[in-house]
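Chemist: take a look and give me a structure for this.
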Amino acid sequence: MAVQERLPAGTILLSDSQAFGCAGAVFRVDPVTGEQRALSTAGDLQGATGIAIEADGSVLVSKDRFFPGTGALLRLPAGTGTQTEVTSGGKFTSPGDVAVEADGHILVVDGFAAGSGAVIRIHPVTGDQVVLALGEGVGDPPPRPVRLCVAPDGTVLVVEQAMAGGADLSARVVRIDPVSGARTTVTSGGELRSPIGVAVDGGGGILVADANAFPGFGGGVIKVDPVSGAQTTVASGGAFVAPQALAIEADGSILITDNEALNGVGTLFRVNPSTGAQQVLASGGDFKRLTGVAVVPAA
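Modeler: Below is the predicted model:
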């Protein structure tokens, strides 16, 4: 049997729900040149919503039920574009993002599971699903979990939002205990309007991509103090229109997708975490609707 090689450290991976005539795709992007190449296309990737990388370099992709088939979690073994199914159906209703815990268990956030949304833990081998935490379920409509990440200390961070009559309600960042599933609100309100991406930087700061934050609803990146919940602006306006998925590179640079930027062309930005300066790393080409971004770590 041929041994599959890991993708090079620093390679950027993007999930796209509608590339190639709505067939869906996973793209790899060179972090230096911005060159884009398809790693996997079609199959079950239509409706792909999020992307993460396992310790052995395999790629995980969450998939929404609103496209053909049911909500699912897919795996692309390291260095290949072959798609295998980890799990589908079950507690899934509308999987929206995926992350990996230190022990290899997989977390999927689903905005409509169990009525008010949930974080679901998946066994990486058997695919068994267990609900780690439910959404709060308070409000009309209730705020729903849309994205998540795992902090270095193992706690789970989730961004939640609710929309009613064009107004954003209860936009917030929630910390979830990985053992008990207990919820604690880290921050809410402030500049948060439509938080839709979350990651933790090397110093423990929580970075949130918000599609409608700041005057003019130009969107941007907000840094949240993990203890006090204080919000500071990292980047706003500029070429951003509706920032979405977010990841952090080894040097601390921030990667952000925006499907409305540059006259509606799917775009991957790199943002300087100190100055907020925006750089277009990759745009257009075969990109259609970028939904998730991840960076291959060093082995």
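Chemist: so what touches the helix or strand bottoming out on mean pLDDT in the chain?
Modeler: Using mean pLDDT, DSSP states H and E, strand 167-176 stands out as the lowest-scoring helix or strand of the chain, at a mean of 81. Defining contact as Cβ atoms under 8 Å, 6 or more residues apart in numbering, one finds that strand 167-176 is touched by 119, 132-133, 139, 141-143, 145, 155-163, 182-189, 192-195, 198, 206, 208, 210, 212, 224, 229. Backbone N, C-alpha and C define where each C-beta goes, glycine included.
Chemist: mark which of those residues are buried, thanks.
Modeler: 119, 132-133, 142-143, 145, 155-162, 183, 186-188, 192-195, 198, 206, 208, 210, 212, 224, 229 (16 or more other Cβ atoms under 10 Å).
Chemist: and the gap between the spatially closest residue to residue 30 that is not a sequence neighbour and residue 29?
Modeler: Counting by Cβ to Cβ, 6 or more residues apart in numbering, the nearest residue to residue 30 once its immediate chain neighbours are dropped is residue 11, at 7.4 Å. Separation of residue 11 from residue 29 (Cβ to Cβ, to the nearest Å): 7 Å.
Chemist: in terms of neighbours, single out the busier of the two.
Modeler: Just comparing residue 11 and residue 29: by other Cβ atoms under 10 Å the higher neighbour count belongs to residue 29, 23 against 19.
Chemist: who's the closest residue to the more buried one other than its chain neighbours bridged to?
Modeler: Excluding its sequence neighbours, the residue lying closest to residue 29 (Cβ to Cβ, 6+ apart) is residue 12, at 4.1 Å. The partner list for residue 12 in beta bridges (DSSP bridges) reads residue 29, residue 295.
Chemist: could you report the pLDDT at residue 12?
Modeler: Looking at residue 12, its pLDDT stands at 98.
Chemist: likewise for the one 5 residues further on?
Modeler: The pLDDT attached to residue 17 in the predicted structure is 94.
Chemist: my read: it touches residue 64, true?
Modeler: Yes - counting by Cβ atoms under 8 Å, residue 17 touches residue 64, with 7.3 Å between them.
Chemist: sorry, back to before: neighbouring strands for the least confident helix or strand of the chain, and are they parallel or not?
Modeler: When DSSP bridges is applied, strand 167-176 pairs with strand 156-164 (antiparallel), strand 183-188 (antiparallel).
Chemist: state the distance from the residue nearest to residue 30 to residue 37.
Modeler: Counting by Cβ to Cβ - residue 11 and residue 37 are separated by 10 Å.
Chemist: what touches both of the two?
Modeler: In contact with both residue 11 and residue 37: 28, 29, using Cβ under 8 Å, 6+ apart.
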